[in-house]
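Q: okay, sequence plus prediction incoming.
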Amino acid sequence: MTFASTWADLAPVGRTDDGGYRRFAWTAEDHTLREWFAGEASSRGLDLVTDRAGNQWAWWGDPDDTPGVVTGSHLDSVPGGGAFDGPLGVVSAFAALDDLRARGITPARPLGIANFVDEEGARFGVACAGSRLITGVLDADRARGLRDADGVTMADALRAAGRDPDELGRDDEALRRIASFVELHVEQGRGLVHSGDALGVGRMIWPHGRWRVELRGEANHAGTTPLADRRDPMLDLAAFVGHVRAAALEHGALATVGKLRVDPNGVNAIPSLVTAWLDVRAESEAAVRAVLSALAGYGPAQESWTPVTVLDADLADTVVDALGGSPRLSTGAGHDAGILAAAGIPTAMLFVRNPSGISHAPAEDADEADCLAGIDALAATLERLLA
């Protein structure tokens, strides 16, 4: 099996007409992705284990005897997402394992490949839900009650997918099996483009979170209600977006309003309620909190929060040594690696150059030569960690 053939097998799943992807958790597309992962594990003789949250683990060796080194990423996407965010790390993990075997490497400890479920949080609104659940950061009762845009709860979605929602919760057994974790990921920015390097090593993940804002008005007829008599929350939304931008500029942060729900959502009806979701990230928690303070009058309700995550320095040194030197990058993008690192698991990230610099969109990209360099670097890193 080659990187190109494995990538090609995965590529059609969830593809949309604009060239992007829609791969939401616990949907038909997600089922196909999970079956693909299981098939890749089976074809290599790996033992497939599913934890309490539904994350998949493919093991070469027995991690119950000795905790193992884990690599991998996720397969789900944001709406209209790119091909590389997540899947590159999973496909590269299988390719790196193939490389180790082809070179006759016999690991002294188990090697695991992970597929984390619902990393993007596109369906239920909480990013890295799979890793948050098994580490206990996301309460199981709260997770079961999360609803998607159609009002379907996570509990109902799990039942429809053939899983028992009562299984959700912290999974110490799964965590005990992980001695260290290395996640390969496409870069979501242009740091490597500017430095001229194909690969980079993660240093830290910015603090970031999501908040919900509800803007209330009064439903009424669009054709009979004078403008002066309207209580239109869409006007409040416009003002809110402007304030978000101004606060982010003032405090050196990144802030985005990228998801809305309008009730009753009729062309000829003045809305009664607009719900907006706010994403704020910055290099420091103080900057994030300053943005939120500036928006306090809107009553933002926190839906998720991840503090600054400094990745394991010794493990990063191992990755850099395997690469023969490489730039160290901070990132504003959240990852399952960050959740595991916060739980005390030694964690590193390896980034592959993205020539477009675009992510969460169809233009997300990576050259095959850089992907292959990433696989070589991942295999070299794993070889050192497995010795």
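A: Perfect, I can see it now. Numbers count the residues shown, from 1 in each chain.

Q: every contact and neighbour count from this point should use C-alpha atoms.
A: Will do.

Q: what's the burial count for Pro12?
A: Pro12 has 12 neighbouring residues, counting by other C-alpha atoms under 10 Å.

Q: so it: helix, strand or coil?
A: Assigned with DSSP: H, G, I helix; E, B strand; the rest coil, Pro12 falls in the coil class.

Q: how much space is there between it and Gly81?
A: For Pro12, the distance to Gly81 equals 13 Å [C-alpha to C-alpha, to the nearest Å].

Q: just Ser284 next, same as before
A: The gap separating Ser284 from Gly81 is 27 Å, by C-alpha to C-alpha.

Q: which residues of this protein fall in helices?
A: Under the criterion DSSP state H, helices of the chain are mapped to 3-10, 28-43, 87-102, 129-135, 140-145, 154-160, 172-176, 191-195, 233-251, 285-294, 313-323, 336-342, 368-386.

Q: dump the fifth one to PDB, restricted to CA.
A: Written as PDB, here are the backbone C-alpha positions of helix 140-145 (Å, rounded to 0.1, in the frame of the first residue of the first chain):
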ATOM      1  CA  ALA A 140     -20.900  13.000  29.700                       C
ATOM      2  CA  ASP A 141     -24.300  14.300  30.700                       C
ATOM      3  CA  ARG A 142     -23.700  17.600  28.900                       C
ATOM      4  CA  ALA A 143     -22.400  15.800  25.800                       C
ATOM      5  CA  ARG A 144     -25.500  13.600  25.600                       C
ATOM      6  CA  GLY A 145     -27.700  16.700  25.700                       C
END
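
Q: distance from it to the middle of the chain?
A: 19 Å (C-alpha atoms, centre = their mean, to the nearest Å).

Q: mind listing what's buried in that helix?
A: By neighbour count on 16 or more other C-alpha atoms under 10 Å, the buried set for helix 140-145 is 140, 143-144.

Q: just name the closest of the residues you listed to Pro110, please.
A: Ala140 (29.2 Å; C-alpha to C-alpha).

Q: ok, the closest residue in space to the closest one that isn't next to it in sequence - contacts?
A: Leaving aside its chain neighbours, Ala140 sits nearest to Gly169 (5.1 Å; criterion: C-alpha to C-alpha, 6 or more residues apart in numbering). Neighbouring residues of Gly169 by C-alpha atoms under 8 Å, 6 or more residues apart in numbering: 52-53, 133-134, 136, 139-140.

Q: repeat the analysis, applying 6 Å as the threshold.
A: Shown in contact with Gly169 (C-alpha atoms under 6 Å, 6 or more residues apart in numbering): 133-134, 140.

Q: helix 368-386 and the helix or strand of the chain with the lowest mean pLDDT, what's the angle between them?
A: The helix or strand of the chain with the lowest confidence, counting by mean pLDDT, DSSP states H and E, is helix 313-323 at a mean of 89. Taking axes from the mean of the first three to the mean of the last three C-alpha atoms, to 10 degrees, helix 313-323 and helix 368-386 form an angle of 130 degrees between their directions.

Q: buried sites along helix 313-323?
A: Buried residues in helix 313-323 (16+ other C-alpha under 10 Å): 315-320, 322-323.

Q: and the closest residue in space to Val319 that isn't next to it in sequence, how far from Thr66?
A: What sits nearest to Val319 in space, not counting adjacent residues and going by C-alpha to C-alpha, 6+ apart, is Thr381, at 5.5 Å. Counting by C-alpha to C-alpha, the gap from Thr381 to Thr66 is 19 Å.
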